[in-house]
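Chemist: Fold the following.
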Amino acid sequence: MLAAPDPSAPAIELRDVTKSYPGSPPVVALDGVSVRIDRGEMVAVVGQSGSGKSTMLHVMGTLDQPTSGSVLIEGIDSSVLSDDHLAAVRGRRVGFVFQRFFLLAGIPIIDNVANGLLYHGAARPQRRAAAELVLERVGLGDRMWHRPNELSGGETQRVAVARALVHEPAFVLADEPTGNLDSATSASIMELFKSLHSEGRTIVVVTHNEEIAAALPRQLQILDGRLERDVRPNSR
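Modeler: All right, here's what the predicted structure looks like:
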């Protein structure tokens, strides 16, 4: 049986996490990273291409397992979980937003979002009702029966955000969520994330855009797989 989340634990905690890939010499993508992200925080993980920030996101979300160290999701140590239990943690506790939207082209966006609840075993009417609520929240209540190819880039990303939120995850991991968008649309997506954060959501945004990172309350700066700086500009 999967252990219950610890309500007193942080949303995510990495303890001396290393991730390496075979080679001569091995490629070290993460090198002894320790970090704690508390519930309700909004954090940017910033670094140039190849710095290890996307590897860090994959490890945080249990899409990839560390070579050494521990990743805890609400106090649950992912290193001791079976593959099925890891899938359960991802399906119930983690919301993902990717640069590429990964929507199914042939179905309405309400069902793209509702599919985020398939792991929960909810019936289709319940899934659609939950999807309708979250689509209203991200400003797409009048577009829910459209298909992805009928939406703008910004609307499509909002669908991806809605899908990440529909199962009420412990936190949302967003990997370069504005990477394929123009500057005005990028700003609107970041305002959406900030609005969700103001409601108490825990959000981690991975980006190479230092301007976007600088606007967030906390920045984890990654270089060569190491956590170089943990910056909280607005702290006193």
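Chemist: and Ser183, how many residues sit next to it?
Modeler: Neighbour count of Ser183, defined by other C-beta atoms under 10 Å: 8. C-betas here are computed from N, CA, C, even on glycine.
Chemist: roughly how far apart are it and Gln126?
Modeler: According to C-beta to C-beta, to the nearest Å, Ser183 stands 38 Å off from Gln126.
Chemist: repeat for Ala105
Modeler: Using C-beta to C-beta, Ala105 is found at 25 Å from Gln126.
Chemist: Likewise for Leu196?
Modeler: To Gln126, Leu196 is 22 Å away according to C-beta to C-beta.
Chemist: Also Leu81?
Modeler: 27 Å.
Chemist: Among the two, which residue is more densely surrounded?
Modeler: Leu81 (18 against 13).
Chemist: Is Asn180 in a helix, a strand, or coil?
Modeler: When classified by DSSP: H, G, I helix; E, B strand; the rest coil, Asn180 comes out as coil.
Chemist: got the buried residues for stretch 58-72?
Modeler: Buried residues in stretch 58-72, defined by neighbour count with 16 or more other C-beta atoms under 10 Å: 58-62, 64, 66, 69, 71-72.
Chemist: oh sorry, the question was meant for stretch 38-57
Modeler: By 16+ other C-beta under 10 Å, the buried positions in stretch 38-57 come out as 39, 41-47, 51-57.
Chemist: for stretch 212-228, same thing?
Modeler: Applying 16+ other C-beta under 10 Å to stretch 212-228 flags 212-213, 215-216, 218-223, 225, 227 as buried.
Chemist: For this protein, just list every one of the strands.
Modeler: Here the chain has its strands, by DSSP state E, at 12-21, 27-37, 42-46, 68-73, 76-77, 94-97, 171-175, 203-207, 218-223, 226-231.
Chemist: Show which residues not belonging to the worst-scoring helix or strand of the chain on mean pLDDT make contact with it.
Modeler: Of all the helices and strands that make up the chain, helix 83-93 has the lowest average by mean pLDDT, DSSP states H and E, namely a mean of 86. Counting contacts by C-beta atoms under 8 Å, 6 or more residues apart in numbering, the residues outside helix 83-93 that touch it are 2, 5, 61-63, 73-74, 76, 78, 81, 119-120, 167, 169-171.
Chemist: quick check, nearest of those to Asp16?
Modeler: Ser78 (14.2 Å; C-beta to C-beta).
Chemist: what pairs with the most centrally placed residue in the chain across the strands?
Modeler: By C-alpha atoms, centre = their mean, the chain has its centre lying nearest to Leu173, at 1.0 Å. Applying DSSP bridges to Leu173 yields these beta-bridge partners: Phe96, Val204.
Chemist: ok now do it, which residues does it touch?
Modeler: Counted by C-beta under 8 Å, 6+ apart, Leu173 has contacts 57, 60-61, 94-97, 204, 206.
Chemist: which of those residues lies closest to Asp16?
Modeler: Nearest to Asp16 among the contacts of Leu173: Met60, at 14.5 Å, using C-beta to C-beta.
Chemist: any idea how far that closest one is from Arg127?
Modeler: Applying C-beta to C-beta, the value for Met60 to Arg127 is 26 Å.
Chemist: can you point me to the longest helix in this protein?
Modeler: In the chain, assigned by DSSP state H, the helix with the most residues is helix 183-198.
Chemist: number of nearby residues for Ser176?
Modeler: Actually, residue 176 is Glu. It isn't Ser. Using other C-beta under 10 Å, Glu176 has 20 neighbouring residues.
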